[in-house]
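Visitor: Got a sequence here, can you build the structure:
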Amino acid sequence: MVYYDIHRLQSLSGTQLDDYLAEGWYRMQQLIFTTDVIVKEDKLLPVFWLRLSLDKYTPTKKSTKIKALNKKYSVEFNSGMITEEMEELYTLYKSSVGFEISESIADNLIGDHEGSIYKTISISIRDENKLIAVGFFDDGDTTMAGILNVYDPAYASKSLGKYLMLLKIEYAQQHKKKYYYTGYLSTADTKFDYKLFVSKEATEVYNRSKKEWVPWLSVEKKILEDWILSNPDIENTMP
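Guide: Just a heads-up that it's a prediction; the model follows:
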């Protein structure tokens, strides 16, 4: 088990990002880290790293409905530059969520660093001229990693967070990516479960002990049961 391992890099190529992601690492501000647990309310909770295998992905009826629900809004892809308009949207979003998040987009992506070692791309969704959602992802050579999605709480019924995930998948497919890394899921906190909505059939989970990615559906119960048995001191709830 890895509690926390952090690398501080001066630069990071697309190929290097691909390699890190393939070994269960993920971006944190301008660092890159990996772990098998998170701390919540002074308890250690298990986490499992996920990715979407794009050659196995087929859109679901739910995904098609979400895209149809938002088809009237305009979508634009840009460099990862953070604007004042985005930060104002983030402030609205932050006030509506029931859990702790970063103070700002800049704090989430950059922290106290001067620049970025990542090739980050933003997706802006607008209702006419109004920015209603924005998402960020890091672009590798053959992979991409979803980093952040925020939206106007007034549009909560539109599933804009999930719509941003679907737009990232479209980008990945158009640019011939192999994998879309969605971050981690925890067996003890359901707030991460939305990462499975896109396609459980195409989702893979990282088995660190064997250093391999395996289909989520084939191990959904067993890998969790094995992990719990080997780590009895960790707080767990089975899905």
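Visitor: for the protein, what's the longest helix?
Guide: Counting by DSSP state H, the longest helix found in the chain is helix 160-174.
Visitor: quick one: contacts of stretch 123-131?
Guide: When contacts are defined by C-beta atoms under 8 Å, 6 or more residues apart in numbering, stretch 123-131 is touched by residues 70, 72-78, 85-86, 89, 132-137, 151-152, 155, 160, 163-164, 167-168, 171. Any C-beta I mention is one placed from the backbone N, CA and C, and that applies to glycine too.
Visitor: Weed out the non-buried ones from the residues you listed.
Guide: Neighbour counting with 16 or more other C-beta atoms under 10 Å marks 70, 73, 86, 89, 132-137, 151-152, 155, 160, 163-164, 167-168, 171 as buried within those.
Visitor: re earlier: let's see which of the contacts of stretch 123-131 end up in helices.
Guide: Judged by DSSP H, helices contain the following of the contacts of stretch 123-131: 85, 86, 89, 160, 163, 164, 167, 168, 171.
Visitor: pretty sure the last one contacts residue 77?
Guide: Yes - the pair residue 171 and residue 77 qualifies as a contact (C-beta atoms under 8 Å) at a distance of 6.8 Å.
Visitor: Mind listing the shared neighbours of these two?
Guide: 121, 123.
Visitor: Following the chain past the longest helix of the chain, name the next helix or strand.
Guide: Proceeding N to C from helix 160-174, the next assigned helix or strand is strand 179-186, under DSSP states H and E.
Visitor: for the helix or strand that that following strand is followed by, what is the average pLDDT?
Guide: For strand 179-186, the following helix or strand on the C-terminal side (DSSP H and E) is strand 203-207. Mean pLDDT, strand 203-207: 93.
Visitor: Only C-alpha atoms, please: export strand 203-207 in PDB.
Guide: C-alpha atoms of strand 203-207 as PDB (Å, rounded to 0.1, in the frame of the first residue of the first chain):
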ATOM      1  CA  THR A 203     -13.800   1.300 -16.900                       C
ATOM      2  CA  GLU A 204     -10.600  -0.200 -15.600                       C
ATOM      3  CA  VAL A 205      -9.200  -0.100 -12.000                       C
ATOM      4  CA  TYR A 206      -5.500  -0.200 -11.100                       C
ATOM      5  CA  ASN A 207      -4.300  -3.200  -9.100                       C
END
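Visitor: Adjacent strands (with direction) for the next helix or strand after that strand?
Guide: Counting by DSSP H and E, the next helix or strand C-terminal to strand 203-207 is strand 212-215. Strand 212-215 has the following sheet partners, assigned by DSSP bridges: strand 203-207 (antiparallel).
Visitor: angle of the partner strand against strand 179-186?
Guide: Here strand 203-207 runs at an angle of 70 degrees relative to strand 179-186 (axes from the mean of the first three to the mean of the last three C-alpha atoms, to 10 degrees).
Visitor: Contacts for strand 203-207, please.
Guide: 23-24, 48-53, 182, 185, 195-196, 212-217, 219, 223.
Visitor: Can you select the buried ones from these in ChimeraX?
Guide: Here is the ChimeraX command that selects the buried residues among the contacts of strand 203-207 (16+ other C-beta under 10 Å):
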select :24,48,49,50,51,52,53,182,185,195,196,213,216,219,223
